[in-house]
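A.B. asks: Let me see the structure of the following:
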Amino acid sequence: MILCLPDGRWFDPQQQTWRDAKGRVARWPDLLEAARRRTTRVVLAAAHLDHNPGNSRRRNLRSLCQRCHLLHDRPQHRLQRWITCRRRYALGDLFLGLYAELSRTIAVAPIGATAGPGG
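C.D. replies: The predicted structure is shown next:
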């Protein structure tokens with residue numbers, strides 16, 4: 001459990017000082033800011049520094065809070081989002097491209113227009 005402020009500062013009880021979002025010593029809150037403090041529970045997660053879950057050597061693992069873990073993985077998450085969007089576009093091109101135009105043409109053709117001679 002830690003004390004934190006809306007701007008990301010948190011109280012370090014071991015050093016008896018406030019720290020910013022990057023862990024550096026920060027200024028103490030004024031009276032109005034101190035009134036907005038809240039207590040929150042921090043859950044630690046194991047972060048892979050090289051973003052490879054298969055590499056679980058001790059030097060590749062760090063214990064980070066959820067916020068720091070998300071910030072650490074942000075470039076990887078952005079890349080994965082880009083890949084997912086491109087994959088969806090590719091599937092759309094594959095199934096909704098020329099093939100979709102042909103199926104629409106066949107669907108709106110008058111009855112008998114697609115039948116051969118004598119049909």
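
A.B. asks: Secondary structure element holding the one residue sitting closest to the centre of the chain?
C.D. replies: In the chain, the centroid-proximal residue (Cα atoms, centre = their mean) is residue 77; its distance is 4.9 Å. Assigned by DSSP states H and E, residue 77 belongs to helix 66-96.

A.B. asks: chain center to that helix, what's the gap?
C.D. replies: Taking Cα atoms, centre = their mean, to the nearest Å, one finds the center of helix 66-96 at 8 Å from the center of the full chain.

A.B. asks: Give the other helices and strands that that helix contacts.
C.D. replies: strand 44-48 (3 or more Cβ pairs under 8 Å, 6 or more residues apart in numbering; DSSP states H and E). Any C-beta I mention is one placed from the backbone N, CA and C, and that applies to glycine too.

A.B. asks: Please report the distance of the residue lying closest to the residue nearest to the centre of the chain once chain neighbours are set aside from residue 56.
C.D. replies: Spatially, and ignoring its direct neighbours in sequence, residue 77 is nearest to residue 70 (7.8 Å; Cβ to Cβ, 6 or more residues apart in numbering). Going from residue 70 to residue 56 by Cβ to Cβ, to the nearest Å gives 20 Å.

A.B. asks: Cool, thanks, talk later.
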